[in-house]
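# Here's my sequence, what's the structure:
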Amino acid sequence: MPIKRYRPVTKGRRLSSVQDFSDVTKKSPEKSLTIPRKAFAGRTNGKITVRHQGGGHKQRYRLVDLLRNKYDIPATVKTIEYDPVRGARIAMIAYADGVKSYIIAPDKLAIGDKILSTKTGEVEINVGNRMPLERVPLGTLIHAVELQPGTGAKLARGAGVMIRLMAVEGKYATLKLPSGEIRNVSKSCMATIGSVSNPDYRLVRYGKAGRMRHRGIKPTVRGKAMNPIDHPHGGGEGKHPIGMKHAKTKWGKPALGVKTRRKNRASDALILQRRRNKKRK
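Okay, the predicted model is just below:
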């Protein structure tokens, strides 16, 4: 998917770019596979739990099948569609028994392609096919990987991302994640062949505040611009340093580069190498 630029007839247009959508084959979704998406504006029980969220364009949520547990029933790709709640494209597939479903579309998946999900049957290593990790050739690019067998896709679902299968030994398969982390998962976990579609999504420049408001993202005020009662960085005369060795959040907790992963998690033993620029402790 290429990125589209317009003539800079306004200041907002000068800096912005948009998705091309030339890969989308159908504008309106399958209504039976959508539900209304309620906007919570970052609130839980009326209290703001996530700041700077609210408003945005009205959306319907596409019911994407992350399990793909109709095993050994071939399916045909009918459409490639836009999904407002994710960067990747989604594909509507029709199984041989007539059931329709949405899946995360792999890159280079085309209308009319045949795909299959299987645990024990014979299947080719083609884009879109889904199988256990123990049956995937080493070095293959995969996405939509389970963390626990039968729980559905958890890893590598974002636009353009991929995981490389490094090894299969004993009970585990070794994966190299998009972040650079190398970790083990059960070799019976399911994975889909190929990388996720729409790799140019990260290159879109929104250009102006109005487009961010359409996405449901509200303006963010710098801590330095606040009063001391409102933020640890606040106060002072004119433009000034924050007055402390390390940055803090609005509530006085350390910010910027602080590890947020809980210590002594059971899955720590499965992480062989932490993500880039992170030292394992």
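
# give me every residue that touches residue 149.
For residue 149, the residues meeting the contact criterion (Cβ atoms under 8 Å, 6 or more residues apart in numbering) are 186, 188, 189, 190. C-beta: built from backbone N, CA, C; applies to glycine.

# Specify the residue positioned farthest from the middle of the protein.
What lies farthest from the middle of the chain is residue 237; by Cα atoms, centre = their mean that is 41.9 Å.

# host element of it?
Using DSSP states H and E, residue 237 falls within no helix or strand.

# all helices of the stretch 101-250 of the chain, in order?
209-214 (DSSP state H, counting those that start in this stretch).

# Can you give the domain ranges for the chain?
Here the domain assignment for the chain is 3-201, 221-281, based on automatic domain parsing.

# Give the helix, strand or coil label for residue 268.
Local secondary structure at residue 268 is given as helix here, using DSSP: H, G, I helix; E, B strand; the rest coil.

# Spatially nearest residue to residue 205 (excluding sequence neighbours)?
Nearest in space to residue 205, with sequence neighbours left out and distances taken as Cβ to Cβ, 6 or more residues apart in numbering, is residue 17 at 4.8 Å.

# Hmm, residue 93 and residue 115 touching each other?
Yes - using Cβ atoms under 8 Å as the test, residue 115 is close enough to residue 93 to be in contact (6.6 Å).

# any residues in contact with both of the two?
With the criterion set as Cβ under 8 Å, 6+ apart, the overlap between the contacts of residue 115 and residue 93 is 75, 76, 77.

# pLDDT wise, what is the second one at?
According to the predicted model, the pLDDT of residue 76 comes to 95.

# Wasn't it part of a helix?
No - under three-state DSSP, residue 76 falls outside any helix and is assigned strand.

# Quick check: beta-bridge partners of it?
Per DSSP bridges, the residues bridged to residue 76 are residue 94, residue 114.

# thought it was touching residue 112?
Yes - with contact defined as Cβ under 8 Å, residue 76 counts as touching residue 112 (6.7 Å).

# Please say which of these two ends up with more neighbours.
Under the criterion of other Cβ atoms under 10 Å, the comparison of residue 76 against residue 112 puts residue 76 first, with 14 against 7.

# Let me know how buried residue 214 is, in neighbour terms.
The number of residues packed around residue 214, counting by other Cβ under 10 Å, is 11.

# residues touching it, list them.
With contact set as Cβ under 8 Å, 6+ apart, residue 214 has these partners: 56, 57.

# now swap in residue 131 and tell me
When the contact criterion is Cβ under 8 Å, 6+ apart, the partners of residue 131 are 117, 118, 119, 123, 190, 191, 193.

# which residues does it bridge with?
Residue 131 forms beta bridges with residue 191, as assigned by DSSP bridges.

# Tell me the confidence at it?
Residue 131 is assigned a pLDDT of 94 by the prediction.

# Likewise for residue 202?
In this prediction, residue 202 carries a pLDDT score of 93.

# pLDDT weak spots in the stretch 151-281 of the chain?
Within the stretch 151-281 of the chain, the stretches with pLDDT under 70 are 277-281.

# ok, which stretches of it are strands?
153-155, 163-169, 172-176, 182-186, 190-193, 271-273 (DSSP state E, counting those that start in this stretch).
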